[in-house]
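Chemist: Sequence first, then the predicted structure, then my questions.
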Amino acid sequence: MYTYNVVVMSLLKISEEIQEAVRTKKPVVALESTLISHGLPSPLNIEVAAKSDKILRDLQVVPATVAVIDGHLQVGLSHEEIELLGTENDVEKTSFNTLGTVLAGKSLGATTVATTMFAAHKSGIQIFATGGIGGVHRGNDGDISADLKALSEIPVAVICAGVKSILDIPRTLELLETLGVPVIGYKTDTFPEFWTSGGSLKTKITATGAEEVAALLQAHWQIGLDTGQLVAVPIPKEKSVDQKIVEDAINQSLEKAKSAGITGNAITPFLLEKVSEASGNLTLQANIDLILNNVNTAGEVAKQMAN
């Protein structure tokens, strides 16, 4: 165990370990906290967070979980703070539009992909691992995740299993292309679809491994482009859920969300829970498998970036 010390820099609070790692150019991977508070049920949420931490430390990579605690955007959490996020019922899902409010109110906040990217960049971290990103919602209601805005503006690489299956994946990819965000297929030219290893959608960029991913990321930023980059890692085929099971479960869950009047940032955790129920928990196990796979891949990429 390392001693948890922090240095406060205004509203941003970065652990001493992470500051030292960034200063000495050691590999660091950012991790979001919405997965802990909203993405997985207890006690699996805390178990997966601990496994993610161990995967990175075994690779000699420093984990940097992000959350809002006691009026600070905090980068680097203790085990006790992760347990707090995983057990408290009143944790705010915190994106760009609510970050200021959660900070000012000194509420407990779990960071989304967008807010975690922001915190990572402010801390000097280039690599971030998560399950899947938000995107364009199904239907014509104009609901688009702030994750895409973050990817268009913040130079951090997001290592994930693609776009969450509950969303409109083709329209999300079109918007990412319009925003100038590179989408890199990791050891695949088929775009992964979160719980499944992919369907008919193709990636325009393919990397054969972590070393090539690092080279692609660095070339994009070194030439002066300042968008984020998406590295899409397919869930291992033996862990993938059948496409028909996923689609049937999503359609059932969308109807339940509509009937219940669920909208805004509440819809994603609602749909993830209902899809898990409808699939007999197959998607829940797949969610865990893909998160840990993404964390491992991110660790390998971070090591290459540090070379």
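Modeler: Good, I have the coordinates.
Chemist: the strands in the stretch 201-307 of the chain, which residues?
Modeler: 205-207, 229-232 (DSSP state E, counting those that start in this stretch).
Chemist: JSON lines for the ones you listed, including mean neighbour count, mean pLDDT and distance to residue 255?
Modeler: Any C-beta I mention is one placed from the backbone N, CA and C, and that applies to glycine too. Output for the strands of the stretch 201-307 of the chain, formatted as JSON lines (neighbours: other CB atoms under 10 Å; pLDDT from 0 to 100; distance: least, CB to CB, whole Å):
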{"stretch": "strand 205-207", "mean neighbour count": "18", "mean pLDDT": "98", "distance to residue 255": "36"}
{"stretch": "strand 229-232", "mean neighbour count": "26", "mean pLDDT": "98", "distance to residue 255": "29"}
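Chemist: among the ones you listed, which is nearest residue 41?
Modeler: Nearest to residue 41, of all those, is strand 229-232, at 25.8 Å by CB to CB.
Chemist: Would you state the predicted confidence (pLDDT) at residue 141?
Modeler: Note on residue 141: pLDDT of 69.
Chemist: whoops, I mixed them up, residue 253
Modeler: At residue 253, pLDDT is 84.
Chemist: repeat for residue 262
Modeler: At residue 262, the model reports a pLDDT of 82.
Chemist: What does it show for phi and psi?
Modeler: Phi and psi for residue 262, reported as degrees, to the nearest 10, are phi -80, psi 130.
Chemist: Would you check that it makes contact with residue 269?
Modeler: No - using CB atoms under 8 Å as the test, residue 262 is too far from residue 269 to be in contact (9.4 Å).
Chemist: Need the strands of the stretch 201-307 of the chain in TSV (columns: distance to residue 165).
Modeler: Output for those, formatted as TSV (distance: least, CB to CB, whole Å):
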stretch	distance to residue 165
strand 205-207	21
strand 229-232	13
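Chemist: For the residue nearest to residue 286 when sequence neighbours are not counted, which residues are in contact?
Modeler: Spatial nearest neighbour of residue 286, chain neighbours left out: residue 195 (4.5 Å); criterion: CB to CB, 6 or more residues apart in numbering. Residues near residue 195 by CB atoms under 8 Å, 6 or more residues apart in numbering: 161, 165, 235, 240, 241, 246, 282, 283, 286, 287, 290.
Chemist: Before we go further, residue 74 is sitting in a helix, right?
Modeler: No - under DSSP: H, G, I helix; E, B strand; the rest coil, residue 74 sits outside any helix and is assigned strand.
Chemist: All good on my end, thank you.
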